[in-house]
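Colleague: 3D model of this:
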Amino acid sequence: MSIIATAALAGALLSPLPAQGADPGDSVEDALRWVTPDVLAASVTELDPRVVQLEDNITPVETRSTEGEETVISLASDVLFEFGEADVTGAAEDKITELVADVPDGATVQVHGHTDSIGTAQDNQELSEERADTVAQIIERSRPDLELEVEGFGEEEPVAPNEEGGEDDPEGRALNRRVEIRFEG
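Modeller: Coordinates of the predicted model:
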């Protein structure tokens, strides 16, 4: 661990407990002497509300809903893909594989790519198709029994406004950047 990381850890652990004897001017070594199991436990307990607050701001990888008999898994593109890219990480590939594990055997699965309205319509169309293809390839490798229908919609089917009152709506645009996995069941 680097000296900066160690100092940050010591500061985070000791900041809620100034009465324990550590002085903000102490060296890292001096500050770490005050980190006993009891101090550590009390610090972690003190930090818990801050961790909960952070968890509320984490974007989920997917949301699952039903539309009649159809299940829709909407994958947040911001979590799976780098800006303007169609490649996913190994962890994202594992998550997609996990999400389609319970799709009924032999089902027809639609994989739909969507973007926000930033950029040209043609670029967005191509990106939505590439991202849908990437997700479909992952599904095909893990579930070769499924019938896949792959389509990109570009910016044409937003689920939220890209703008509100003429102003950019980043939250709406983020919701529009998605790949949907749709199947009966």
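Colleague: so what are the domain limits for the protein?
Modeller: Per the record, the chain has its domains at 3-56, 62-184, by automatic domain parsing.
Colleague: in TSV, list these along with mean neighbour count and mean pLDDT.
Modeller: For glycine as for every other residue, the C-beta is placed from the backbone atoms N, C-alpha and C. Shown next, in TSV, are the domains of the chain (neighbours: other CB atoms under 10 Å; pLDDT from 0 to 100):
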stretch	mean neighbour count	mean pLDDT
domain 3-56	13	56
domain 62-184	17	95
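Colleague: how about the strands in this protein?
Modeller: Assignment of strands within the chain using DSSP state E yields the ranges 62-67, 70-76, 108-114, 147-152, 163-164, 167-168, 178-184.
Colleague: show me where this structure has helices.
Modeller: Listed in chain order, the helices found in the chain under DSSP state H are 3-14, 28-33, 37-56, 77-80, 90-99, 121-142, 170-176.
Colleague: ends of stretch 172-181, how far apart?
Modeller: Between the opening and closing residues of stretch 172-181 there is a gap of 20 Å (CA to CA, to the nearest Å).
Colleague: for stretch 78-97, same thing?
Modeller: 18 Å.
Colleague: and it, how far out from the chain's middle?
Modeller: The chain centre lies 9 Å from the centre of stretch 78-97; the measure is CA atoms, centre = their mean, to the nearest Å.
Colleague: what comes into contact with that stretch?
Modeller: 59-62, 75, 119, 127, 130-131, 133-135, 138-139, 141-142, 174, 177, 179 (CB atoms under 8 Å, 6 or more residues apart in numbering).
Colleague: can we see that at 10 Å?
Modeller: 58-62, 73, 75, 77, 111, 113, 115, 118-119, 123, 126-139, 141-143, 173-175, 177-179, 181 (CB atoms under 10 Å, 6 or more residues apart in numbering).
Colleague: I'd like the strands of the chain written out as JSON lines, with distance to residue 97 added.
Modeller: Shown next, in JSON lines, are those (distance: least, CB to CB, whole Å):
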{"stretch": "strand 62-67", "distance to residue 97": "12"}
{"stretch": "strand 70-76", "distance to residue 97": "12"}
{"stretch": "strand 108-114", "distance to residue 97": "13"}
{"stretch": "strand 147-152", "distance to residue 97": "14"}
{"stretch": "strand 163-164", "distance to residue 97": "36"}
{"stretch": "strand 167-168", "distance to residue 97": "35"}
{"stretch": "strand 178-184", "distance to residue 97": "12"}
